[in-house]
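Visitor: sharing a model that was predicted from the sequence below.
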Amino acid sequence: MSSPILYWARRDLRLSDNPALVAACAAGAPVIPVFLCDEVVESHGAAPKWRLGLGVEAFAEALAEAGSTLILRRGEALKCLRQLIEETGAKAVHWNRLYDPDSRQRDEAVKAALKEDGIDAVSHNGHVLFEPWTVETGGGSFYKVYTPFWKSVRDRDPGEALSTPKIPAPESYPASDAVADWQLGAAMDRGAKVVAPHLNVGEAAARGRLANFIGQGIDDYADARDNLAKNGTSLLSENLAYGEISARACWWAGQRAMQEGKAGAETFLKEVVWRDFAYHLVYHTPRITTGNWREEWDAFPWNTDERKAEVKAWKQGRTGMAIVDAAMREMYVTGRMHNRARMLVASYLTKHLMCHWKIGMNWFEACLVDWDPASNAMGWQWSAGSGPDATPYFRVFNPETQAEKFDKAGRYRMRWLAEITRQPPETASSYFEAIPRNWQMTPEDGYPSEPIVDAAEGRKRALQAYENRNF
């Protein structure tokens, strides 16, 4: 048989609409799927690393059902690939491109080294609808504002979704690690048991979630997605983060819904493109993941000390601002947070508490099972006012009026705050089973009688800082 091809799986844990896998299988040689617990994976926070491991296990099962085997190795990416090439005699490696700075640095080094070794290293587009360098303004530069970006791509054809290929098997597979031995969930500790029931792992589950949303939820999506107490969002961010479903599959499902006259379809398509926009920005301005996108904000007097009491209160869901605290606790119990709530907690941290957005961005990376490097960075900078197309700094979300508007009956707050109701639901009680032991918190501690920073006081302080800025 001809020399095998390595398909290097990363954030594309699916068999359908997988360009790298399809290209590898079409080459007429045996294909060996590989996943590496490499330097990029090792850098992930507790929740996304754990969730990635679960996704890898589901992908391995799907490959086994398709007559293939996923080979697992741990170590520096280039070293692992070279070792596998030596063991198998492979002459080519295929993978789908990623665009965040860490992944790009790794991939560029790997591709250059493999080509120097005489290996055919081929990358494909399997992570976004439209690759960042293919979307330009009339002047030939990249878009910095979402609305014109959306208008420039809304009528583009991203190509049809690819069918699941038949994967040619080699005569034998190289040795493989076991995911369990990697202990990717170690940092989750007891929280894993609490969060696990709320997950939707694997390609089959992702496709089912999309079908359910298109069939039952998309019609009301435009309005329901902001209702904190209602399950009005698609929840697909978890699956998109690990490539268990493709952006293209979501796009065409939304397009069919729009043709059928479903009212929320265009809003859903805009959200899919918003994800593309995040990657567009992270590719063209990688500094967005590590520093203020608007560099003049480097002079803004944000607090950067995570040891401060207000930061601890924010992390623990004990600011005394019920809607903010409910959102933080939702994250610890489910691994997710409602999108509207993400804006509220981000605004409260960066404006009412005057803390640097990087504190929040890094905490979300540790806690969210749907963590995405581009969306997380752009979302935090959008909320803080330091990013592209950002909400103006002087627009300070009032948590109390937001709660009145998007949780009028208080159901969201009661769902997650055990201390405010005599018979708290399991969702609220589970918070105390998920949080770090060293927080030493129980429902009997009582809920703060006053906010750590009042809504009006926090707004006034934020606006004064903005007006007195040195830029």
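Guide: It's in. Residues are numbered from 1 along each chain as shown.
Visitor: longest strand in this structure, please.
Guide: For the chain, the longest strand by residue count, based on DSSP state E, is strand 31-37.
Visitor: pretty sure E400 is touching A455, no?
Guide: Yes - assessed by Cβ atoms under 8 Å, E400 is found in contact with A455 at 5.1 Å. For glycine as for every other residue, the C-beta is placed from the backbone atoms N, C-alpha and C.
Visitor: name every strand pairing with the longest strand of the chain and say which way it goes.
Guide: According to DSSP bridges, strand 31-37 forms sheet pairs with strand 5-9 (parallel), strand 71-74 (parallel).
Visitor: one step back: which of E400 and A455 has more residues huddled nearby?
Guide: Shown here are E400 and A455; by other Cβ atoms under 10 Å, A455 has more neighbours (19 against 15).
Visitor: coming back round to it: what is in contact with E400 and A455 at once?
Guide: Common neighbours of E400 and A455 (criterion: Cβ atoms under 8 Å, 6 or more residues apart in numbering): M321.
Visitor: now stretch 300-309: average pLDDT?
Guide: The average pLDDT for stretch 300-309 rounds to 94.
Visitor: do stretch 345-358 as well
Guide: So the average pLDDT for stretch 345-358 ends up being 96.
Visitor: centre of the chain to it, how far?
Guide: Remark: stretch 345-358 is offset 20 Å from the chain centroid, using Cα atoms, centre = their mean, to the nearest Å.
Visitor: what does that stretch rub up against?
Guide: Contacts to stretch 345-358, defined as Cβ under 8 Å, 6+ apart, come from residues 301-304, 308, 310-311, 314, 319, 321, 324, 327-328, 337, 359-360, 379-381, 383-386, 391, 393, 396-397, 399, 452-453, 455, 458-459, 461-462, 465.
Visitor: can you name every helix or strand that the helix or strand that the longest strand of the chain is followed by contacts?
Guide: Sequence order places helix 39-42 as the next helix or strand after strand 31-37, per DSSP states H and E. Judged by 3 or more Cβ pairs under 8 Å, 6 or more residues apart in numbering; DSSP states H and E, the packing partners of helix 39-42 are helix 46-65, helix 101-116.
Visitor: run the last query once more with 6 Å
Guide: Applying 3 or more Cβ pairs under 6 Å, 6 or more residues apart in numbering; DSSP states H and E, we find helix 39-42 packed against helix 101-116.
Visitor: can you get me a residue count around the residue lying closest to P4 once chain neighbours are set aside?
Guide: In this structure, P4 finds its nearest non-sequential neighbour in P30, 4.2 Å apart by Cβ to Cβ, 6 or more residues apart in numbering. P30 has 22 neighbours, counted by other Cβ under 10 Å.
Visitor: surely P30 touches I5?
Guide: No - judged on Cβ atoms under 6 Å, P30 makes no contact with I5 at a distance of 7.2 Å.
Visitor: name the residues contacting each of the two.
Guide: Shared contacts of P30 and I5, defined by Cβ atoms under 6 Å, 6 or more residues apart in numbering, are absent.
Visitor: which SS state does the residue nearest to F213 when sequence neighbours are not counted fall under?
Guide: In this structure, F213 finds its nearest non-sequential neighbour in S234, 4.5 Å apart by Cβ to Cβ, 6+ apart. Look at S234: counting by DSSP: H, G, I helix; E, B strand; the rest coil, its state is coil.
Visitor: show me the contact partners of stretch 121-132.
Guide: 12, 18-20, 93-98, 111, 114-115, 153, 158, 247, 251, 276, 279-280, 283.
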